[in-house]
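Enquirer: Curious how this folds, go ahead:
(one chain, ligands or ions: 1)
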Amino acid sequence: MNAATRVYLDHAATTPVAPEVAEAMARVLREAHGNPSSAYAEGRAARVLVDQAREEVAAALGASGSEIVFTSGGTEADNLALRGTFAARKGDADGIVTTAVEHHAVLDTAQDLAERLHARLVVLPVDRQGRVSVSQVTAALDLRTVLVSVMHGNNEVGTLQPIAEIGAACRARGVTFHSDAVQTVGAVPFDVATIPVDLVSLNAHKFYGPKGVGALYVRRGTRLVTLQTGGGQERGRRTGTENVAGIVGLGVAMRVAAERRASEAERQTRLRDRLFEGIVARVPDALLTGHPTQRLPNNASFCFPGTQGEALVVALDLEGFAVSSGSACTSGNTEPSHVILALGIEREVAQGSLRLTVGRDTTEADVEALLEALPPIVARLRSISAEPALR
Ligand SMILES: Cc1ncc(COP(=O)(O)O)c(C=O)c1O
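Expert: A predicted model of the protein is given here:
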């Protein structure tokens, strides 16, 4: 199968690098080899590039440059937010509140803090559409709560959480509020001037930047202890020689995403909605997962009872489509995803989950091709699973 005939519908897993980003990074790799910590001209030139990127990221979030800490990606940003806040706690503060649909980078980190450092962890349930309620979060807060972590947009089912209201509830009680916005920054507006959030995780590879680079927004005055010791870069909050080319790529990707956000959101919402109606009309018993409207513009996710997600992914791959079942990060794991189960969907139905995420390069023809290919695949897998097992 040649690449030109492939249809890539897994932009929530990662996105192709935008040409502007690749060009900017190649220029850095060719021409700017200095260490940003060096005092001579080459070092100063690299420092300028890092600081320009910092300003670009800050501008897109409504933040100031000094509030941006570059990391190796979303996982590290989440770890720094949770572990760094917990390490900075005072007195008997030990409570962490999060939700059952967080990415493993948050959920497993919170669980690790509970197991090893005795954090009192509250994992809140979500409703059938994947939303946590503000009143549930508020009810879970007490005088010992140190941190609330609620993601902005879910990576599997696309549901958006009411983070502005949750942030306001946290702020009223003096609790630090972190949001994993890895899936949303670049796709929907995110302004820290209007959202009362203290820590925000993002990475570049979800918005057409390179893999292995991201950032944590840290609101001025937020208590955070660094996880690494070393040369003191990033104001001591994330030490280690900066990934200059990656950081420049992140900055350019962020700027381009901000410029294209409104038009792409509208176009991708149309493609997503075409997937919804086409699949519901053509595949019997297709179950749309996530919130019907409060969701990422590019995410169409389903369960097809009587199928296995991994088998759907493999069958579609053979026909030229790149899609995923549940989270890409947990693919290969035959257990249904924790997110789909948290929606209250039965285990057997949850096993047949499929996530389609469109992107800048997705065309109407791609969507129509998927709508042609999917129904016979679901029918075939259902007929196989309905056959009595060989004895
Ligand atoms: C919501 C969310 N958080 C965190 C991550 C991890 O980010 P990274 O791949 O940069 O470590 C991902 C990646 O899939 C994600 O979707």
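
Enquirer: Run through the residues that contact Gly174.
Expert: Taking C-beta atoms under 8 Å, 6 or more residues apart in numbering as the contact definition, Gly174 lies against nothing. C-beta coordinates here come from the backbone N, C-alpha and C atoms, glycine included.

Enquirer: List the beta-bridge partners for the residue in the stretch 201-350 of the chain that the ligand sits nearest to.
Expert: Per C-beta to the nearest ligand atom, Asn203 is where the stretch 201-350 of the chain lies closest to the ligand, at 3.5 Å. Beta-bridge partners recorded for Asn203 (DSSP bridges): Gly214.

Enquirer: okay, now it: neighbour count?
Expert: By the criterion of other C-beta atoms under 10 Å, Asn203 has 30 neighbours.

Enquirer: from what I can see it touches Gly214, true?
Expert: Yes. Between Asn203 and Gly214 there is a contact at 3.4 Å, judged by C-beta atoms under 8 Å.

Enquirer: Touching both of the two, which residues are there?
Expert: 73-74, 77, 182.

Enquirer: As JSON lines, those residues with secondary structure and neighbour count would be great.
Expert: Output for the shared contacts of Asn203 and Gly214, formatted as JSON lines (DSSP: H, G, I helix; E, B strand; the rest coil; neighbours: other C-beta atoms under 10 Å):
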{"residue": "Gly73", "secondary structure": "coil", "neighbour count": "23"}
{"residue": "Gly74", "secondary structure": "helix", "neighbour count": "27"}
{"residue": "Ala77", "secondary structure": "helix", "neighbour count": "29"}
{"residue": "Val182", "secondary structure": "coil", "neighbour count": "29"}
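
Enquirer: okay but Asp142 is in contact with Gly95, surely?
Expert: Yes. Asp142 is within contact range of Gly95, at 6.3 Å (criterion: C-beta under 8 Å).

Enquirer: which of these two has more neighbours?
Expert: Neighbour totals were compared for Asp142 and Gly95, and Gly95 leads with 21 against 13 (other C-beta under 10 Å).

Enquirer: so what's the backbone phi/psi at that one?
Expert: Backbone geometry at Gly95, expressed as degrees, to the nearest 10, gives phi -90, psi 140.

Enquirer: and Thr71, bridged to which residues?
Expert: Counting by DSSP bridges, Thr71 is bridged to Gly214.

Enquirer: what are the ranges of the strands in this structure?
Expert: For the chain, applying DSSP state E gives strands covering 7-8, 68-71, 95-99, 120-124, 145-149, 176-180, 199-203, 214-218, 287-288, 299-303, 321-322, 353-357.

Enquirer: tell me the contacts of Val101?
Expert: With contacts defined as C-beta under 8 Å, 6+ apart, the neighbours of Val101 are 126, 130, 132, 151, 154, 156-157, 159, 338-339, 342-343.

Enquirer: Mark which of those residues are part of helices, please.
Expert: Taking DSSP state H as the definition of helices, the contacts of Val101 contribute 338-339, 342.

Enquirer: Mean pLDDT and distance to Ala315 added to the strands of the chain, as CSV?
Expert: Listed next are the strands of the chain as CSV, based on pLDDT from 0 to 100; distance: least, C-beta to C-beta, whole Å:
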stretch, mean pLDDT, distance to Ala315
strand 7-8, 98, 14
strand 68-71, 98, 37
strand 95-99, 98, 32
strand 120-124, 98, 34
strand 145-149, 98, 36
strand 176-180, 98, 31
strand 199-203, 98, 30
strand 214-218, 98, 33
strand 287-288, 98, 19
strand 299-303, 98, 15
strand 321-322, 98, 9
strand 353-357, 98, 11
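
Enquirer: before we move on, the earlier item: same for the ligand: which of the contacts of Val101 are within range?
Expert: Checking the contacts of Val101 against the ligand by C-beta under 6 Å from any ligand atom, the ones in range are Met151.

Enquirer: Buried among the contacts of Val101? Make that a PyMOL selection.
Expert: The buried residues among these can be selected in PyMOL (16 or more other C-beta atoms under 10 Å) with this line:
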select buried, resi 126+130+132+151+154+156+157+159+338+339+342+343
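
Enquirer: Next one: the closest residue to Gly167 other than its chain neighbours from Val185, what distance?
Expert: Nearest residue to Gly167 in three dimensions, chain neighbours excluded: Pro196, at 3.7 Å (C-beta to C-beta, 6 or more residues apart in numbering). Computed as C-beta to C-beta, to the nearest Å, the Pro196 to Val185 distance reads 17 Å.

Enquirer: Which one's more surrounded, those two?
Expert: Shown here are Pro196 and Val185; by other C-beta under 10 Å, Val185 has more neighbours (31 against 18).

Enquirer: who's in contact with that one?
Expert: Val185 makes contact with 60-61, 152, 200, 202, 206-207, 254, 257, according to C-beta under 8 Å, 6+ apart.

Enquirer: Ok, Pro375 next?
Expert: When contacts are counted by C-beta under 8 Å, 6+ apart, Pro375 touches 282-283.

Enquirer: pLDDT score for it?
Expert: We note a pLDDT of 98 for Pro375 in this prediction.

Enquirer: Glu335 too?
Expert: Reported pLDDT for Glu335: 83.

Enquirer: what about it, distance to Arg173?
Expert: As for Glu335, its distance to Arg173 is 36 Å (criterion: C-beta to C-beta).

Enquirer: From Lys211, how far out is the nearest residue to Ser385 once chain neighbours are set aside?
Expert: Leaving out its chain neighbours, the residue that sits closest to Ser385 by C-beta to C-beta, 6+ apart is Gly306, at 5.5 Å. Distance, Gly306 to Lys211, by C-beta to C-beta: 35 Å.

Enquirer: could you measure Ala164 against the ligand, distance?
Expert: Separation of Ala164 from the ligand (C-beta to the nearest ligand atom, to the nearest Å): 18 Å.

Enquirer: tell me the contacts of that residue?
Expert: Each residue near Ala164 by C-beta under 8 Å, 6+ apart is listed here: 194-196.
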